[in-house]
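A.B. asks: The following comprises the amino acid sequence and a computationally predicted model.
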Amino acid sequence: MSEKYKINSVSNILTMIVDFKDQSGQNKTIHVGLDYLQRKVHFVGDIPKDIDISELEQSILMYVEPESIDELSVPNEIWQRAMEIKTGKFENNEFMNFQG
């Protein structure tokens, strides 16, 4: 197969309709394609000239970004217990190699 085209990258694009209020309080609707992994918003169709595309892009990205959560803290005793079970020990008894 001859390679006439060399693909540089491929992205999944999520099609979205975004309803928002502009700085004057007017409701507006636009169509966008969201490339979440590349953090890029592709505007589809005509965009009103009074819209700051760069600022709207940042607002959309912030809106769809999941809330961050604090790192979970697991007590040391639970980690120790999990490691014992993983290695085949349970309450100081070996049960993985049990032969009855």
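C.D. replies: In hand now; what should we look at? Residues are numbered from 1 along each chain as shown.

A.B. asks: going forward, measure contacts and count neighbours with C-alpha atoms only.
C.D. replies: Will do.

A.B. asks: What separation is there between the spatially closest residue to residue 42 that is not a sequence neighbour and residue 63?
C.D. replies: Computed as C-alpha to C-alpha, 6 or more residues apart in numbering, the closest residue to residue 42 that is not its neighbour in sequence is residue 33, at 4.9 Å. For residue 33, the distance to residue 63 equals 14 Å [C-alpha to C-alpha, to the nearest Å].

A.B. asks: Next: residue 4.
C.D. replies: Residue 4 is 40 Å from residue 63, by C-alpha to C-alpha.

A.B. asks: of those two, who's got more company?
C.D. replies: A count of neighbours by other C-alpha atoms under 10 Å puts residue 63 above the other of residue 4 and residue 63, at 10 against 6.

A.B. asks: And that one, what's its pLDDT?
C.D. replies: Reading off the confidence values, residue 63 has pLDDT 94.

A.B. asks: With the one 4 residues further on instead?
C.D. replies: With respect to pLDDT, residue 67 has a value of 82.

A.B. asks: Next, count neighbours for it.
C.D. replies: Per other C-alpha under 10 Å, the neighbour tally for residue 67 reads 8.

A.B. asks: just to revisit the earlier point, what about the residue nearest to residue 42, how many residues nearby?
C.D. replies: The number of residues packed near residue 33 is 16, by other C-alpha under 10 Å.

A.B. asks: where are the low-confidence patches of this structure?
C.D. replies: Scanning the chain for pLDDT under 70 picks out 1-2, 90-100.

A.B. asks: Would you map the strands across it?
C.D. replies: 14-21, 27-35, 40-44, 89-90, 93-94 (DSSP state E).

A.B. asks: Let me have those in a markdown table, extended by distance to residue 73.
C.D. replies: Conversion of the strands of the chain to a markdown table gives the following (distance: least, C-alpha to C-alpha, whole Å):
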| stretch | distance to residue 73 |
| --- | --- |
| strand 14-21 | 34 |
| strand 27-35 | 32 |
| strand 40-44 | 33 |
| strand 89-90 | 23 |
| strand 93-94 | 28 |
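
A.B. asks: Sweet, I'm off.
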